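Q: My questions concern the predicted model and sequence given below.
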Amino acid sequence: MLALVDCLERRGVWLRRSDLRAESSAINRVYGETLLLIPAHKKYLDGLVPEAHREDVLQAYFKKKRLDFEEAGMAAMDGLKLLHDVLSGLKEDEVLLLNVG
């Protein structure tokens, strides 16, 4: 998931950015990289739709990051669907903590 988040940032989908910087920093010190997804991240939903990405391009990105395994592209597509579905269902008073590393 961490490589997918990196790939998305290269495309302008900034899931690491949040108004909860202090909280994120405290959680990251204890648990490793953890994203705090908030309703404001919904502006990136179009960039999380799997159909907006090509599996072979994602596979190539994973290979470049030395995370090359046969199903890497498919796993990335599944990760996109997961992020999209969970974020789209997030209510205004909810925060999703997603440990990615």
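A: Noted; the coordinates are in hand.
Q: Return the helix or strand in the protein with minimum mean pLDDT.
A: helix 55-64 (a mean of 88; mean pLDDT, DSSP states H and E).
Q: just checking, what packs against that one?
A: The elements that helix 55-64 packs onto, with contact taken as 3 or more CB pairs under 8 Å, 6 or more residues apart in numbering; DSSP states H and E, are helix 2-10, helix 72-88. C-betas here are computed from N, CA, C, even on glycine.
Q: Which one of those lies nearest to L45?
A: helix 72-88 (5.8 Å; CB to CB).
Q: next helix or strand past the closest one?
A: Toward the C-terminus, helix 72-88 is succeeded by strand 96-99 as the next helix or strand (DSSP states H and E).
Q: so how far is that following strand off the chain centroid?
A: 10 Å (CA atoms, centre = their mean, to the nearest Å).
Q: Just the C-alphas of that strand, formatted as PDB.
A: The C-alpha coordinates for strand 96-99 follow below in PDB (Å, rounded to 0.1, in the frame of the first residue of the first chain):
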ATOM      1  CA  LEU A  96      -9.900   6.600   8.900                       C
ATOM      2  CA  LEU A  97      -6.500   5.400  10.200                       C
ATOM      3  CA  LEU A  98      -4.700   3.400   7.600                       C
ATOM      4  CA  ASN A  99      -1.400   1.900   8.600                       C
END
